[in-house]
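Colleague: generate a structure from the sequence data that follows.
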Amino acid sequence: MSASAFARHADRIHAAIEADGAARSALVASWQRSAALYSLDPTERSPPRRLTQSELTEARQRIEPLVRAAQSSLDRLYLAVGGTGCCVLLADRDGVPVERRGAVADDETFREWGLWTGTVWSEKSEGTNGIGTCLAEQRALTIDRDQHFFTRNTLLSCTTAPIYDHEGNLAAALDVSSCRADLTEGFVNLIAIAVGDAVRRIEAENFRLAFPDARIVVAPTAERMPNALLAVDGDDLVIGATRSARLAFGLTPETLARPLPAARLLGGESGYVDDLRQAERAILERALAASGGNVSAAARRLGVSRATLHRKLARFGLRGAD
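Modeller: You can find the predicted model right below:
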């Protein structure tokens, strides 16, 4: 890329930053952070910073459960976009890709551009870019070509969405990046939909793995928020909630630290609670039948204490034989 191209891009950024801030877009706000907060220069030509192998190993280990939960979704997403010259990156909350999917034929090109595991794509390091700006603003977005802060990144198109862990905390970002010059707006929109679907699958699978012994309930919400999941234990207490469920029900870490009956939380959805009660009653009846009415044996079968099972039986008017 010519020196004049670097200068033109830098002039455009500085002009946008210096314009009236009242109507400043989110993009220009990110450019402002890049220039003022992080003291970056859009004409910087040095390649992105890369972690050592040991640093990358440590970064991956910090989110290993999420990486495991993401494997099938990463494969599925790459099958959808890989044939069009895109690569898939799973980055940690510091903007470092720790998992990647890409075509072998494109490896040399993507490695040269820094679309590789271990490269630091935080906004502080690379200015406005898909992964870094997604994490900084905690929202799904696309940074396309000359929307990047560094001129050397203006041949990239990056579509990224944040991933939240089982406690509702920002944990990672999922990105699809390409160096192709012929990506249409319509295709970029399709990529954004595919990335959003993959994020929901990753969050749901990670949540299930975090609560392996709980019943996972899809909570009905008026806003139909995706991934509003609750983890309910054997005593029908809510022991976990995804970010969407926390937002929908106003749940806080302090709320979840206290016993919270699922029926009380979902009480406004009477039909749903009735279905839940009927399903639980059927489970109790089957356990009793399989145990010949023996409460102790049924409790062992269900993985709950005898006292807990007695309370559940009493709630439904059921009886067993000791």
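
Colleague: quick check: buried residues in stretch 179-195?
Modeller: 179, 183, 187, 188, 191, 192, 194, 195 (16 or more other CB atoms under 10 Å). In this view, the C-beta of every residue, glycine as well, is placed from N, C-alpha and C.

Colleague: against residue 189, how distant is the second one?
Modeller: Same thing as residue 183. Noted for residue 183: a distance of 10 Å to residue 189, by CB to CB, to the nearest Å.

Colleague: then the last one?
Modeller: Applying CB to CB, the value for residue 195 to residue 189 is 11 Å.

Colleague: ok, residue 77 next?
Modeller: From residue 77 to residue 189 the distance is 15 Å (CB to CB).

Colleague: residue 160 too?
Modeller: 14 Å.

Colleague: also residue 100?
Modeller: With CB to CB as the criterion, residue 100 and residue 189 are 23 Å apart.

Colleague: try residue 141
Modeller: 12 Å.

Colleague: what's downstream of the helix-or-strand element of the chain with minimal mean pLDDT, the next helix or strand?
Modeller: When the helices and strands of the chain are scored by mean pLDDT, DSSP states H and E, helix 270-290 comes last with a mean of 69. Downstream of helix 270-290, the next assigned helix or strand under DSSP states H and E is helix 295-302.

Colleague: that following helix: which residues count as buried?
Modeller: Applying 16+ other CB under 10 Å to helix 295-302 flags 295, 297, 298, 299, 302 as buried.

Colleague: next one: it to chain centre, how far?
Modeller: Centre-to-centre, helix 295-302 and its host chain are 38 Å apart (CA atoms, centre = their mean, to the nearest Å).

Colleague: got the contact list for that helix?
Modeller: Contacts to helix 295-302, defined as CB atoms under 8 Å, 6 or more residues apart in numbering, come from residues 234, 283-284, 287-288, 290-291, 305-306, 308-310, 313, 320-322.

Colleague: what about burial for those, which qualify?
Modeller: For the contacts of helix 295-302, buried by 16+ other CB under 10 Å: 234, 284, 287, 288, 291, 308, 309, 310, 313, 320.

Colleague: just checking: what are the partner strands of the strand or helix carrying residue 240?
Modeller: Per DSSP H and E: residue 240 is located in strand 238-241. Here strand 238-241 has these sheet partners by DSSP bridges: strand 229-232 (antiparallel).

Colleague: mind saving the C-alpha coords of the partner strand as CSV?
Modeller: This file holds the C-alpha atoms of strand 229-232, laid out as CSV (Å, rounded to 0.1, in the frame of the first residue of the first chain):
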residue,chain,number,x,y,z
LEU,A,229,-31.7,-20.3,30.3
LEU,A,230,-32.0,-21.3,34.0
ALA,A,231,-30.3,-24.1,35.8
VAL,A,232,-32.6,-25.7,38.4
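
Colleague: now it: how far from the chain's centre is it?
Modeller: 17 Å.

Colleague: kindly report the same for stretch 236-248.
Modeller: Worked out by CA atoms, centre = their mean, stretch 236-248 lies 16 Å from the chain centre.

Colleague: which regions of the stretch 1-150 of the chain sit below the pLDDT cut-off?
Modeller: Applying pLDDT under 70 to the stretch 1-150 of the chain picks out residues 1, 20-24.

Colleague: so which residues of the stretch 101-250 of the chain form strands?
Modeller: Along the stretch 101-250 of the chain, counting by DSSP state E, counting those that start in this stretch, strands occupy 141-144, 157-164, 170-178, 215-218, 229-232, 238-241.

Colleague: for the ones you listed, give me a markdown table that also has mean neighbour count and distance to residue 110.
Modeller: Below are the strands of the stretch 101-250 of the chain laid out as a markdown table (neighbours: other CB atoms under 10 Å; distance: least, CB to CB, whole Å):
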| stretch | mean neighbour count | distance to residue 110 |
| --- | --- | --- |
| strand 141-144 | 21 | 17 |
| strand 157-164 | 25 | 12 |
| strand 170-178 | 25 | 8 |
| strand 215-218 | 16 | 36 |
| strand 229-232 | 24 | 34 |
| strand 238-241 | 23 | 37 |
